[in-house]
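A structural model of the following input is requested.
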Amino acid sequence: MLSLEPFLMERITLPKVWGGRALERLLGIDLQPDQNVGETWELYDRTEGSSRLRGSTTTLADLMASMPEQLVGRGVPLAHGGRFPLLLKFLDARDQLSLQVHPDDAQASTDSGKNEACVVLHAGDRAGISYGLRPGVTREGFLASLGSPAVEAMVHTFRPEVGDTIHIPPGTVHAIGPDVVVFEVQQNSDLTYRLHDYGRGRELHIDEATAVMRVEEPPAPRPVTMPVALSDGGTQLILTTDFRLRRYSLRQNLELRSGGRFVTITVVAGQGTLRWPGARVHGTLPLRTGDTALVPACTARFTLSPTEHLNVILCDPGVR
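Next comes the predicted model:
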């Protein structure tokens, strides 16, 4: 069997009506001059396409077909159809996304469910995120207001701050934006049910959305997760059944272990080098702002070496 070593991913960019140009400014991502880009998919493995390894014609789907255990790790649950478990994105919500909701695994017959979380990288003067229903709003009252602007006053909206992590479990009514840039991790799913689109005229999915939406206790004024300090100097941003996010701000080398499960590394600021021990010589990959690298499960340990400063978000499987 061929050995598998860490590699960088090629992205795709997706124009959106709510997108802008902030990813170019904040992360140095090359955008077409005539496009407002809402999303870049930094790591993906879908039926309609799969991430290509940088500098290669090999895709993530190819590796999932030929060496899935070496790539993701023994016992790590796969996505629908045996695909890679997660999808990683940058989002530029210059305008507000639709008010939407996602199903869970049991409700998603043709795809995985969509448990997701986002880390705020930029929050402008108009920044806002809608999350859940306001106190006193009932499910019946909310549903009766669909189809009119009155629904906008029924959702809880707060101002996010740079560094916030927001967990959006399936069933949560939410809308990201406006004036927000986030890094997003989610189950490998593309199921989004729109409840309201702020007059943009796109298709709504009222029946599907109302079947999966949950109305629970009103959310906290700022429904963000509490970070946990780690003994290695990093911060655990969130731990769910589907993924864990950690963040490191480095000015010196840091050695980490994979624990026999894949780890993704997304650079949100700075530059440096990813190093790992090989069979004969050490392997290296340069890292710069905006890059995403994947460390396969079969790589037992690896080192992050900042050039001067390196700020990274690491993602690996959750705990079930």
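
any idea of the mean pLDDT for the longest strand along the chain?
In the chain, taking DSSP state E as the definition, the longest strand is strand 301-316. The predicted model assigns strand 301-316 a mean pLDDT of 97.

any idea how far that strand is from the chain center?
18 Å (CA atoms, centre = their mean, to the nearest Å).

With stretch 82-101 instead?
7 Å.

first to last residue in that stretch, what's the distance?
24 Å (CA to CA, to the nearest Å).

For it, list every residue counted as buried.
83-101 (16 or more other CB atoms under 10 Å). (C-beta placed from N, C-alpha, C; glycine too.)

Likewise for stretch 24-43?
By neighbour count on 16+ other CB under 10 Å, the buried set for stretch 24-43 is 24, 26-27, 29, 31, 36-43.

Identify all contacting residues around it.
9, 11-21, 23, 51, 60, 84, 86-94, 97, 121-122, 181, 264, 266, 268, 288-290, 292, 294 (CB atoms under 8 Å, 6 or more residues apart in numbering).

Quick check, residue 256 in contact with residue 300.
No. When contacts are counted by CB atoms under 8 Å, residue 256 is not listed as touching residue 300 (10.2 Å).

Look at the two and report which has more neighbours.
residue 256 (17 against 12; other CB atoms under 10 Å).

need the contact list for residue 143.
Applying CB under 8 Å, 6+ apart, we find residue 143 in contact with residue 210.

The stretch 101-250 of the chain: helices as residue ranges?
139-145, 206-212 (DSSP state H, counting those that start in this stretch).

unless I'm mixing things up, residue 116 is touching residue 187, no?
Yes. Contact between residue 116 and residue 187 holds when scored by CB under 8 Å: they sit 7.0 Å apart.

Quick check on the two: which one has the bigger neighbour count.
Legend: neighbour count by other CB under 10 Å for residue 116 and residue 187, higher for residue 187 (27 against 24).

Can you name the residues that contact the more buried one?
Applying CB under 8 Å, 6+ apart to residue 187 gives the contacts 79, 85-87, 105, 112-116, 242-243.

How much space separates it from residue 67?
22 Å (CB to CB, to the nearest Å).

Kindly report the same for residue 178.
43 Å.

do residue 218 as well
47 Å.

okay, these two: which has more neighbours?
Neighbour count, other CB under 10 Å: between residue 218 and residue 67, residue 67 has more, with 17 against 14.

My guess is the more buried one contacts residue 4. True?
Yes. With contact defined as CB under 8 Å, residue 67 counts as touching residue 4 (6.0 Å).

Just name the closest of the contacts of residue 187 to residue 204, please.
Nearest to residue 204, judged by CB to CB, of the contacts of residue 187 is residue 114 at 17.5 Å.

burial of the closest residue in space to residue 170 that isn't next to it in sequence, as a residue count?
In space, and not counting its chain neighbours, residue 170 is closest to residue 104: 3.8 Å by CB to CB, 6 or more residues apart in numbering. The tally of other residues near residue 104 (other CB under 10 Å) stands at 18.

Many thanks, I have nothing further to ask.
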